[in-house]
Each structure stands twice: as structure tokens, then as C-alpha cells.
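Enquirer: Predicted model and sequence follow; I will ask about them next.
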Number of protein chains: 2
Amino acid sequence: MSTRGELTREKILDAAKDLVMSKGFAGTSIDDVLKQTSVTKGAFFHHFKGKADLARQLVERYALNDLNMFKTMAADAEAATSDPLAQMLHFLKAFEKYICNSQDPSPGCMYAVYTYESMQFDASVRDFIADTLRQWTSIYVRKYQEVIDAYPPKLEVTARQLAELTVAIVEGGLILQRAYGDTSVTCRQSEQLRNYLFLLFGEPKSK
Amino acid sequence: MSTRGELTREKILDAAKDLVMSKGFAGTSIDDVLKQTSVTKGAFFHHFKGKADLARQLVERYALNDLNMFKTMAADAEAATSDPLAQMLHFLKAFEKYICNSQDPSPGCMYAVYTYESMQFDASVRDFIADTLRQWTSIYVRKYQEVIDAYPPKLEVTARQLAELTVAIVEGGLILQRAYGDTSVTCRQSEQLRNYLFLLFGEPKSK
DNA sequence: TTGAACAGACCGACTAGTTGGTATGTTTGC
DNA sequence: GCAAACATACCAACTAGTCGGTCTGTTCAA
């Protein structure tokens, strides 16, 4: 699988990810990527049809990695306990651990980058982002529905509201984290979400 | 105050804001702004030293408007009631009304744009964003501290945590809102925050 | 075993258009 | 008349993208 060509393609995508994350997509030129990777123009255009193709491949790879990590964490939580609320809390704690232990000083979300430069990209890329984000929330929706079914909430809430809130808190946390240069912000937001869930649903019955 | 020159300067900033919000800063060229405004290059460089200066003036004006609106809403809430919790809820509802009634299909936060293209800008602009965001949260911190002092929270929380959560929920909500093209997302997030505050502090004693 | 045929990976000079920015002149309102 | 406000022509650097060619490894028939 990791032929020579595949290796350079990955190298390009890795560098592009870092550059896009710090300067945005429009702010990153192909020459920037080439300089960073010592890859030549010919090689670049051998692997990518153009800059738009780079954009697409970049976000598609990101989404794949992202959903994989997400699903691994979810499976982890499901293996640890059968109680939906305990699973959710387990998942959130795992996420907090991951974010806090990341040595990246200014991490961020690729979807957010693309969303705030949305008009740069053609509709299919925008749709892909929206779909991925929807897919992401819909997994949360299912989980939260199980929680709501098992634990009558103290206030009327829908699974969708909680799912969107979960995603929004992470996205918002990452922005503050980047702006402040404080790596612990997103963690603290996630803790607050757990607080909210505790107040809504109480303690999980079984550990 | 609104001399002829001031008018074109405002016209440029207005157009630049729209463009930057939809394509990002690096994705917006000076020529784009000129085309949109029918202003000539000479006029542009008469009012702005360069693109970096446009960036600074843009975000400074945004911060000014933003903080003004924020303070107006806060003063409104303080005029309506003297109870800190009731003030906070009043403020959040006013904010929700403002966001929901905005006809802008894909609004967003200029700070978020700049934060995700941060390496485009020099350190002073980045610091300005961080300072403004800090100023924003610190007003929340003071308010939440009053709430905590008056209403013993059901869980141990700091005013800072709640303040950051408030900002994060809005920032995250705006991203989802843009990505989905759904104008009601941020509102719903804010409602969830009010839910959390209700569970933490209960009903305000006085309306 | 060898060498012709082929294919994927890569090179880097080149181009047409765009970029931010400047230099110089003209208009406008007081 | 004078300064702020604006217009126009221009430039050098950079941009994405092209294109003819090379290098390296594999396949396969003789």
C-alpha cells in the first residue's frame, strides 16, 4: 500500500494540513507546500489535479481520520459499560484526555477552516463538510436518545439539541483555545458539558 | 464626522467585511473589494496603508461594534432587573432574538475567521483578537460571579468556566449554523446554556 | 537472460494571469 | 490656493497550472 508515490502524496497532505491550519486554505500557496516538503511542482501535479483537488483530498482524509478516531472512542466506551449515560461520560473523558495531551499548541478543526472560507470551495466540498458534520452529530443523536430513554431528563431536551451542543462546544472551545494559546480551554468546556449532563440525567446507575 | 472620505472608508470596510466573512481574509483580494465598491485603487490606498492595515481597521471596527452591542444588551438587562441571574437570562434571550432575527443566512464571527488564519497576521493583530476576546469573557466573568455569589450553584463551577462556555457555545453554534445553512442553530445552543444555568442556579428569585 | 516495451513517478523551466503596492497626475470642497 | 480625496497607469513578485522530458522499476517475449 505504501508505494513510493503514496508516500509523497501523504507527505504533501501532511504539510498542507499544517499550513492550512495555520494560514487558512487561500493563504496557503502550492509553492508553500512544495517548499515545506521539498517536492517539485511536477510531482505535486502528478498526484493532484489542482489546488481544488488538494482541498478535496485534504478534507476527505481528515474526515476519515476524524470519524475513525471518533468511532474508536465510541467503541471503547461501549466496551467499558453497557449503560448509555456512563458510555457518554466515558467518551467525553476520553476526548478530554486526547485534547489535553495533544502537544499541538494551536490545534483546530479543519471543518471550521473550510466553513469560514466556504465560498472558496465548490458546492460539493461544502456539501461534504455539512454531510460529515451531520454524520458526526447523528451518532451523538443516537447515543443521547438512548440516554434520554433510560434516564428521564430533569428538563425537556431533544437528543438533537444535546448532540449539536456537544459539537458546538468542541468547535467553540477550539477557537478560544487557538485565540488564547491556552491548551486547556476545550477540556474545560467539555467538563461543563458533563456537568450539564449530570444535572439533566443524574449519576449513571451502573459503572 | 461623515465627511466624503469617511464615507468611502466605511464603504470599503463594509464590503471587505462581507467578502472576508465568505471567502476568508487571504481569499479576499483588494481588487475584489474595489470591484464590489467601485472604488479605485488610489482611493483605497489613500485610506489604507496596505492590506495589513485593512485587516487591522476591519477587526478594530468589528470589535468596537461588537462590544457596543454587547454593552447595550448588558445595560438593557441591567435596566430590566437588578437580579444578576435574571439579568443573565434576559441578556441571553435578547441575544437569541438578535441572532434568530438576523436575515444574514450565514453569519459568523470575525474573530473566528482571523483565528483560523492567524499566521497571516502579525502578532499585534493576534494579540488584539485575544485581548478583545478576553475583554468579552471578563465581562461575563463579572456577571457570573455575581450570580454565583447570589445563588449557590448545585455544582462547583467558577465564573470563568461559565464565561468561557458562553463564548464557546456561541462561536461553535455559528460554525454549525454556517456549515448547515440553518439559521436557528446558535439560538438552540443558547437555549441549552439557559437550561444549564437553570439547573445550576434555579429560577431567579425576582423578575 | 536479456532487452524492448511500457508505466508510474518525478523534474523544472515556462506562461498567463493575479497579487499587493507605487508613482504621478487630477478633481473637489472649503 | 491648498489639502484631502480620488483616478490611472504601471510594476515586480507571486500565483496556479502546463508541458516536454527523464528516471526507475516491471513485464514479457525471444
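Expert: Structure received. Residues are numbered from 1 along each chain as shown, chains lettered A, B, ... in the order given.

Enquirer: Do the lengthiest helix in chain A and DNA strand C come into contact?
Expert: As assigned by DSSP state H, the longest helix anywhere in chain A is helix A:51-80. No. Helix A:51-80 does not reach DNA strand C (CB under 7 Å from any atom of the strand); its nearest approach is 13.0 Å. Where you see a C-beta, it was placed from the backbone N, CA and C, and this is true even at glycine.

Enquirer: Can you name the next helix or strand after that helix?
Expert: Of the helices and strands lying after helix A:51-80 in sequence (DSSP states H and E), the nearest is helix A:84-101.

Enquirer: That next one vs helix A:51-80, what angle?
Expert: Helix A:84-101 runs at 130 degrees relative to helix A:51-80, counting by axes from the mean of the first three to the mean of the last three CA atoms, to 10 degrees.

Enquirer: from the middle of its chain, how far away would whatever helix or strand comes next after helix A:84-101 be?
Expert: Counting by DSSP H and E, the next helix or strand C-terminal to helix A:84-101 is helix A:110-116. Distance, stretch centre to chain centre, for helix A:110-116: 11 Å (CA atoms, centre = their mean, to the nearest Å).

Enquirer: for the host helix or strand of A:Thr186, packing partners?
Expert: Taking DSSP H and E as the criterion, the element that holds A:Thr186 is helix A:185-201. Helices and strands touching helix A:185-201, by 3 or more CB pairs under 8 Å, 6 or more residues apart in numbering or on different chains; DSSP states H and E, are helix A:84-101, helix A:159-180, helix B:159-180, helix B:185-201.

Enquirer: Mind putting the ones you listed into JSON lines with mean neighbour count?
Expert: Formatted as JSON lines, the helices and strands packed on helix A:185-201 follow (neighbours: other CB atoms under 10 Å in any protein chain shown):
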{"stretch": "helix A:84-101", "mean neighbour count": "18"}
{"stretch": "helix A:159-180", "mean neighbour count": "24"}
{"stretch": "helix B:159-180", "mean neighbour count": "24"}
{"stretch": "helix B:185-201", "mean neighbour count": "21"}
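
Enquirer: Rebuild those helices as JSON lines, extending it with distance to DNA strand D and mean pLDDT.
Expert: Converted to JSON lines, the helices and strands packed on helix A:185-201 look like this (distance: least, CB to the nearest atom of the strand, whole Å; pLDDT from 0 to 100):
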{"stretch": "helix A:84-101", "distance to DNA strand D": "31", "mean pLDDT": "94"}
{"stretch": "helix A:159-180", "distance to DNA strand D": "23", "mean pLDDT": "96"}
{"stretch": "helix B:159-180", "distance to DNA strand D": "24", "mean pLDDT": "96"}
{"stretch": "helix B:185-201", "distance to DNA strand D": "32", "mean pLDDT": "96"}
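
Enquirer: and A:Thr132, which of those helices is closest to it?
Expert: Nearest to A:Thr132, of all those, is helix B:159-180, at 9.1 Å by CB to CB.

Enquirer: Which secondary structure elements does the closest one sit against?
Expert: Short answer (3+ CB pairs under 8 Å, 6+ apart): helix B:159-180 packs on helix A:110-116, helix A:123-150, helix A:159-180, helix A:185-201, helix B:110-116, helix B:123-150, helix B:185-201.

Enquirer: can you tell which of these is closest to DNA strand C?
Expert: helix B:123-150 (13.7 Å; CB to the nearest atom of the strand).

Enquirer: Please name the residues that touch the closest residue to A:Phe198 other than its chain neighbours.
Expert: Leaving aside its sequence neighbours, A:Phe198 sits nearest to B:Leu155 (CB to CB, 6 or more residues apart in numbering or on different chains; 7.1 Å). B:Leu155 sits next to A:195, A:198-199, B:200 when contact means CB atoms under 8 Å, 6 or more residues apart in numbering or on different chains.

Enquirer: and chain A, what are its domains?
Expert: Segmentation of chain A into domains, based on automatic domain parsing, reads A:1-48, A:51-201.

Enquirer: Pull up the distance across the longest one, start to finish.
Expert: Using CA to CA, to the nearest Å, the end-to-end distance of domain A:51-201 comes to 48 Å.

Enquirer: now do stretch A:35-53
Expert: Terminal-residue distance, stretch A:35-53 (CA to CA): 19 Å.

Enquirer: In a markdown table: the helices and strands packed on helix B:159-180, plus distance to DNA strand C.
Expert: A markdown table is the format used below for the helices and strands packed on helix B:159-180 (distance: least, CB to the nearest atom of the strand, whole Å):
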| stretch | distance to DNA strand C |
| --- | --- |
| helix A:110-116 | 17 |
| helix A:123-150 | 19 |
| helix A:159-180 | 23 |
| helix A:185-201 | 32 |
| helix B:110-116 | 15 |
| helix B:123-150 | 14 |
| helix B:185-201 | 30 |
